[in-house]
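1. Have a look; sequence and predicted model below, questions after that.
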Amino acid sequence: MTHHLNRARSLEELERACWPDPSADDTRLVTTAHALRRRPIGELTVEDMRLLIGQHIGLPYLLPLALEVLRENPMAEGHMYEGDLLSAVLTRNPSVWAEFPELSRELSEIVSKLAGLPPDLQQKVEHFLAP
């Protein structure tokens, strides 16, 4: 799916859904997520993907991009900690992975090769791999 994505388009364009502008009372997270939905997906950083995936935003478009990153560097880091993108991806609801079985298989291959992970990340890997 990744190679078919138009990386010059934003999530708003790809999803054909424009969210209303956030209000002055909205949190920084909400304001940031709204702004990121307007940025071309090819310009999103590891941190941007971590934040959006963690908020369950744009998964059909962002999970393939995140797996591209994780293929090269499973411990890719946004602004939180080493492996935070992997953590965001691993902790999506199992129903998400049922929708994207090929991505689930690829993620399983990536994480099955990892060793020496911090305990909390190792626990997330084991939970993801559990039948």
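-> Thanks, I have the structure now.

2. what ranges of this protein fall below the confidence cut-off?
-> The model of the chain has pLDDT under 70 over residues 1-3, 131.

3. What lies in contact with the top helix by length along it?
-> Longest helix in the chain by number of residues (criterion: DSSP state H): helix 59-72. Identification of contacts with helix 59-72 by C-beta atoms under 8 Å, 6 or more residues apart in numbering yields 1-2, 5, 11, 14-15, 41, 44, 46, 49, 52-53, 76, 85-86, 88-89, 92, 96, 99-100, 103, 106-107, 110. For glycine as for every other residue, the C-beta is placed from the backbone atoms N, C-alpha and C.

4. so how far is stretch 9-16 from its chain's centroid?
-> Remark: stretch 9-16 is offset 16 Å from the chain centroid, using C-alpha atoms, centre = their mean, to the nearest Å.

5. and the strand or helix carrying E106, which residues are buried?
-> Taking DSSP states H and E as the criterion, E106 maps to helix 101-112. For helix 101-112, the neighbour count (16 or more other C-beta atoms under 10 Å) marks L103, S104, E106, L107, I110, V111 as buried.

6. What is the nearest of the residues you listed to W19?
-> Nearest to W19 among these, counting by C-beta to C-beta, is L103 at 24.8 Å.

7. now that closest one: how far from C18?
-> According to C-beta to C-beta, to the nearest Å, L103 stands 26 Å off from C18.

8. swap in T45?
-> Between T45 and C18 the computed distance is 22 Å (C-beta to C-beta).

9. Who has more neighbours out of those two?
-> Neighbour count, other C-beta atoms under 10 Å: between T45 and C18, T45 has more, with 15 against 12.

10. My guess is E82 contacts M75. True?
-> Yes: here E82 reaches M75: they are 5.0 Å apart, a contact under C-beta atoms under 8 Å.

11. Now E15. Nearest residue, chain neighbours left out?
-> Of all residues not flanking E15 in the chain, G58 sits nearest, at 6.9 Å (C-beta to C-beta, 6 or more residues apart in numbering).

12. The one you found: neighbouring residues, count only.
-> Using other C-beta under 10 Å, G58 is surrounded by 22 other residues.
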